[in-house]
Structure formats: C-alpha cells, structure tokens
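Engineer: Got a predicted model here, sequence first, then my questions.
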Amino acid sequence: MSFEIKQPKSKAEFKRYYRLRWEILRAPWNQPEDSEVDNLEQQCVHVMAIDTASEDKSNVIGVARLQFNSDTEAQIRYMAVAPEHERKGIGRTMIQALEKVAQNACCKTIVLDAREPALGFYQKQGYEVTEKSYLLFDEIQHYRMKKVLRVIR
C-alpha cells in the first residue's frame, strides 16, 4: 500500500475529496449530497490521502479537515478513510499532518468529536476523552477528545 497525503487544490481534487467524505460520513445515513460541506470550508486546512498505487493516481482514500477554533485551539473534523484502506496508517498519517499544521500555527491543543467506534484509534494517537458530546442522526454517539500539542521552538 502506497499513499500520499496532500492538500486538495483544484476543483477536481476538491470534488473527489468531498465525494469520499459524503460516501463515508453521510450517505450511509441517507443524508443528501452537500450535507458533508459546511460554511467554514474556506477557512480550514484540508488533507486527503491519494492511493499512489492506482493507475490514475487520483483515487482519494482518506480525508480530514482542520479548523481553528481560537488562536490556541484547533479541531479535526470530517475525518474518514475508505473502509478497504483502513488499518494501513492513512488515518494516523493524516492526523500527524494536521497536528503539524496546528503546531506551526502555535495551537496548544487539538480537539475532535469522535464516533464511538473510533475512540480506540484516536486514543492510540494520544487523544483523551473529555466528555460525551452529541448524538448524530439520532444514532451515532460522539465523544469530545483532546490532545495537548508539543510546543515547537
């Protein structure tokens, strides 16, 4: 498995990025296309994982977004990895890329709201549950998690 983490730049890349986000995070709950997009997209940092082993080198297999909640806190949102590519280091690598962006922006902490089945994954990345947060689509329990970032000097 070989993949590359990059920021989507072109309209075509963003289209593939949002498509995967919708397919994994919204479509299984019968949510309409475009429900995966919110009004903060332009202010955020987006990363995607590309399957470099595929012939066209444009197959998006992972997505994640970093938004800045304040000068010292960032938040990871809309993170998803295609099911057939899970457990190959893609999620961990996207988190590391976003944490680096947050550190470079002098953020002290990163928070996220994890779906219950993903808690173990995020705990392995150093995140701790701080509270039960919200129930999405009346069935997906989320938990607020937090990680204190190392200070870069």
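Structural biologist: Done, it's in.
Engineer: For this structure, which segments count as helices?
Structural biologist: Here the chain has its helices, by DSSP state H, at 11-25, 90-104, 119-124.
Engineer: Show residues contacting the first one.
Structural biologist: Spelled out, it's helix 11-25. With Cβ atoms under 8 Å, 6 or more residues apart in numbering as the test, helix 11-25 has contacts from 8, 31, 33-37, 46, 48, 58, 60-63, 78, 80-83. All C-beta spots, glycine's among them, are computed from the backbone N, C-alpha and C.
Engineer: List buried members of these by neighbour count.
Structural biologist: Among those, those classed as buried by 16 or more other Cβ atoms under 10 Å are P8, E36, H46, M48, V60, I61, G62, V63, Y78, A80, V81, A82.
Engineer: Among those residues, which one sits closest to A102?
Structural biologist: H46 (13.7 Å; Cβ to Cβ).
Engineer: Is it correct that the closest one is in contact with Q7?
Structural biologist: Yes. The pair H46 / Q7 is scored as a contact, 5.9 Å apart, by Cβ atoms under 8 Å.
Engineer: give me the low-pLDDT residue ranges for the protein?
Structural biologist: The model of the chain has pLDDT under 70 over residues 1, 152-153.
Engineer: at 80 what do you get?
Structural biologist: Scanning the chain for pLDDT under 80 picks out the ranges 1, 54-58, 151-153.
Engineer: And the strands in it, which stretches?
Structural biologist: Assigned by DSSP state E, the strands in the chain fall at 3-6, 45-51, 60-68, 73-81, 109-115, 128-136, 140-148.
Engineer: tell me the angle the third one makes with strand 45-51.
Structural biologist: Orientation of strand 60-68 against strand 45-51 (axes from the mean of the first three to the mean of the last three Cα atoms, to 10 degrees) gives an angle of 170 degrees.
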